[in-house]
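**Q** Here is a sequence with its predicted model. Questions after.
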Amino acid sequence: MIEQAIWGIGNIAGDGPRIRDIVIAAGAVNPIADLLDQVTTGQSFTRNASWTLSNFCRGRPAPDIEKVKRCLPTLARVLMENDQEDIIGDICWAMSYFSDNGKTAIPLILACGILPRIVQLLEHPTLAIAVSCLRTIGNVLTGDDS
């Protein structure tokens, strides 16, 4: 039941930035990230919860980084522990969108230690995964000198 509710929330948040921001403001980020932190990777729950968290990071205008930064360590852990294409694809695109937030996002991405995995995934045979990783790296490189 919890998994279906999370999937439903992900669908709602994926309908567009205005609705996504309403879902985020309602407090959906922390409980979903907390639940995902408690499961072993590879389950369908991991797929649905990581997809939902990735939907919170997507869209233009970008979400308030302070309200979605809790997604980052959870998505980073799942990405580093997982090789399922659909899961890593969603997370890599989330990182790409998250990194679009510029100088505020870059230190958060570096702090979660995900960059080596992103670099590794540049060689992924699925073009969409490689492209999202390239966008993330490009966004990090356009930050300040530090």
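**A** Here it is on my side, so go on.

**Q** what's around the closest residue to residue 68 other than its chain neighbours, how many residues?
**A** With CB to CB, 6 or more residues apart in numbering as the criterion, residue 68 has its nearest non-adjacent residue at 5.1 Å, and that residue is residue 56. Backbone N, C-alpha and C define where each C-beta goes, glycine included. By the measure other CB atoms under 10 Å, the count of residues near residue 56 is 28.

**Q** From residue 141, how far off is residue 56?
**A** 25 Å (CB to CB, to the nearest Å).

**Q** same question, residue 66
**A** Residue 66 is 24 Å from residue 141, by CB to CB.

**Q** try residue 43
**A** Distance from residue 43 to residue 141, by CB to CB: 35 Å.

**Q** Would you mind listing where the protein has pLDDT under the threshold?
**A** 41-42, 144-146 (pLDDT under 70).

**Q** just the strands in it please.
**A** Secondary structure of the chain by DSSP state E: no strands are present.

**Q** ranges for the helices of it?
**A** Remark: helices assigned in the chain by DSSP state H are 2-13, 17-25, 29-37, 44-57, 65-68, 71-81, 85-99, 105-111, 115-120, 127-141.
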